[in-house]
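Undergrad: prediction below, plus the sequence it came from.
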Amino acid sequence: MGRHSLGRMLLAIMVASTFSGACAREPALDPGTGRIRVIYLGDAWGGGSPYQHMVLDPKLSVTPVPASAQHAGGMPNISRYIRIYVPRTYRRLVESQDVIILSDTVKTYYQTYHIRWFGDAVMEGGRGMVMVGGREIQHGGWWDSPVERALPLEWVPQETFEGTPFRAIPTEPASEFLDSLPWGTMPPYTGMNIGIPKQGSRVLLQVEGEGYPVLVFWETGEGASVAHTPDWTPAWGGAIFNEWDYYADFVAHILYLAAGARIPQDVEMMHQIREEFYLYSIQWGIITGMVEFVDMFGANIRPLEEELREVDGIKREASGLYIEQEYAEVLDLMIGARSRLDETLDMAQEIKDQALVWIYITEATAVTGTFMISGIIIWALMVKRRLYREVRTTRSMG
């Protein structure tokens, strides 16, 4: 990137940081449930996608729309996914979604009216938007579009900063978002798109030493938007970025920020709660798989089903309290739910062993019976030969 462009960018960052006082807006939430409804367009599928973490956060209700050539198997699939999952009218988009994610996706994948809707949803509809960098953003043609006009920066066409791993550091002394994560533990990125922050935006993270903006936020029109200039998958995110202990928290808090929802400030408690939900999902999958297995052999699974219903009720209560941000109670409930799942797993193991014991007995009986019958036949034919008259001579029949 040229020296003149870099100087312009640094000046824009300084100007943007001085205009950090935006008017607080009404949070974009589902009025019925209090959840943040997210439509995730781009790398919403496949290994490394943060979607797998989003679905475990009770505050988020996410619709994945694979719209990235590397994640959706090519343009025919992308067109079909967009046609099926993107709302058919602007009004329906605004009424059904609170945050729009555009991550590593190309403008030409969408109809012209889609691009206009996405921008209007922020400026007029009070929705949130998150754009995440990547190769398909680099060549995506988003500059000077309704989407870019709603973003807190202007993309520099085709420009990237990549090669040597770099770290992102906070640029503000304190804010609700920055106070919610331990940035010193954040792994390095390996690449990013280049963007120039707009006046009135807030640069939250920037490249250490270079000054390029990594995470930029602003409230504009009736809504708000966030630009994350690197990728957040294991591409420019680096091979270990999505293995960061606080990766799920990082992704969730970006969406909270875009929606205008309150971001929890107890870093370790929130991390532990999300870890409990993650471990719960693993335990639940193991147990339900075992229940299906033993059910095929006619085992009595009613005690397991009753126990799972009770545990699921505890988890649903915890999810409701999570949405209401009663986090201390959520943690107690989830620890209790996981303890109950441990007991349920032991019960499932016992029922499985009982079912398999009868299978082993049945198989052993069948094998033993077959062996005995075969032995009797062989004994009659080979040992009791005296029962049969010996043939002394043979005669040709011509």
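TA: That came through, no problem. Residues are numbered from 1 along each chain as shown.

Undergrad: where does pLDDT dip in the stretch 51-200 of the chain?
TA: 71-75 (pLDDT under 70).

Undergrad: and the helices in it?
TA: Using DSSP state H, counting those that start in this stretch, the helices found in the stretch 51-200 of the chain span residues 51-54, 69-72, 75-85, 90-96, 112-123, 135-138, 146-150.

Undergrad: quick check: mean pLDDT of stretch 219-238?
TA: For stretch 219-238, mean pLDDT is 88.

Undergrad: just how off-centre is that stretch within its chain?
TA: Counting by Cα atoms, centre = their mean, to the nearest Å, stretch 219-238 is centred 16 Å from the centre of its parent chain.

Undergrad: got it, and stretch 168-179?
TA: With Cα atoms, centre = their mean, you get 24 Å for stretch 168-179.

Undergrad: same check, this time on stretch 93-105
TA: For stretch 93-105, the distance to the chain centre is 15 Å (Cα atoms, centre = their mean).

Undergrad: can you check stretch 271-281 too?
TA: The answer for stretch 271-281 is 13 Å, by Cα atoms, centre = their mean.

Undergrad: export that stretch as PDB, just CAs?
TA: What follows is stretch 271-281, C-alpha atoms only, in PDB (Å, rounded to 0.1, in the frame of the first residue of the first chain):
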ATOM      1  CA  HIS A 271     -16.400 -17.900  29.200                       C
ATOM      2  CA  GLN A 272     -17.200 -20.600  31.700                       C
ATOM      3  CA  ILE A 273     -20.900 -20.400  30.900                       C
ATOM      4  CA  ARG A 274     -20.300 -20.800  27.100                       C
ATOM      5  CA  GLU A 275     -18.000 -23.700  27.900                       C
ATOM      6  CA  GLU A 276     -20.800 -25.300  29.900                       C
ATOM      7  CA  PHE A 277     -23.200 -25.000  27.000                       C
ATOM      8  CA  TYR A 278     -20.500 -26.400  24.600                       C
ATOM      9  CA  LEU A 279     -19.800 -29.400  26.900                       C
ATOM     10  CA  TYR A 280     -23.500 -30.000  27.400                       C
ATOM     11  CA  SER A 281     -24.100 -30.300  23.700                       C
END
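
Undergrad: buried residues in that stretch?
TA: When neighbours are counted by 16 or more other Cβ atoms under 10 Å, the buried residues of stretch 271-281 are found to be 271, 273-274, 276-277, 280. C-beta: built from backbone N, CA, C; applies to glycine.

Undergrad: ditto for stretch 111-121
TA: Applying 16+ other Cβ under 10 Å to stretch 111-121 flags 114-115, 117-121 as buried.

Undergrad: for stretch 172-179, same thing?
TA: For stretch 172-179, by 16+ other Cβ under 10 Å, it's 175, 177-178.

Undergrad: equivalent analysis for stretch 236-251, please.
TA: Per 16+ other Cβ under 10 Å, stretch 236-251 contains these buried residues: 236-238, 241-242, 244, 246-251.

Undergrad: and stretch 51-60, by the same measure?
TA: Those would be 51-54, 56-60, for stretch 51-60 by 16+ other Cβ under 10 Å.

Undergrad: looking at those residues, spot the one nearest R83.
TA: Y51 (19.8 Å; Cβ to Cβ).

Undergrad: nearest to I373, of the buried residues of stretch 111-121?
TA: Set against I373, the nearest of the buried residues of stretch 111-121 by Cβ to Cβ is H114 (72.7 Å).

Undergrad: for the closest one, give me its contacts.
TA: For H114, the contact set (Cβ atoms under 8 Å, 6 or more residues apart in numbering) comprises 82, 86.

Undergrad: again, but for the one 4 residues further on
TA: Contacts for F118 were tallied using Cβ under 8 Å, 6+ apart; they are 100, 102, 129, 146-147, 150.

Undergrad: doesn't A224 belong to a helix?
TA: No. Applying DSSP: H, G, I helix; E, B strand; the rest coil, one finds A224 to be strand, outside a helix.

Undergrad: quick one: the residue nearest to it when sequence neighbours are not counted from S201, how far?
TA: Residue nearest to A224 in three dimensions, not counting chain neighbours: G128, with 5.3 Å by Cβ to Cβ, 6 or more residues apart in numbering. Remark: distance between G128 and S201 (Cβ to Cβ, to the nearest Å) = 14 Å.

Undergrad: with neighbour numbers in mind, choose between the two.
TA: G128 (32 against 28; other Cβ atoms under 10 Å).
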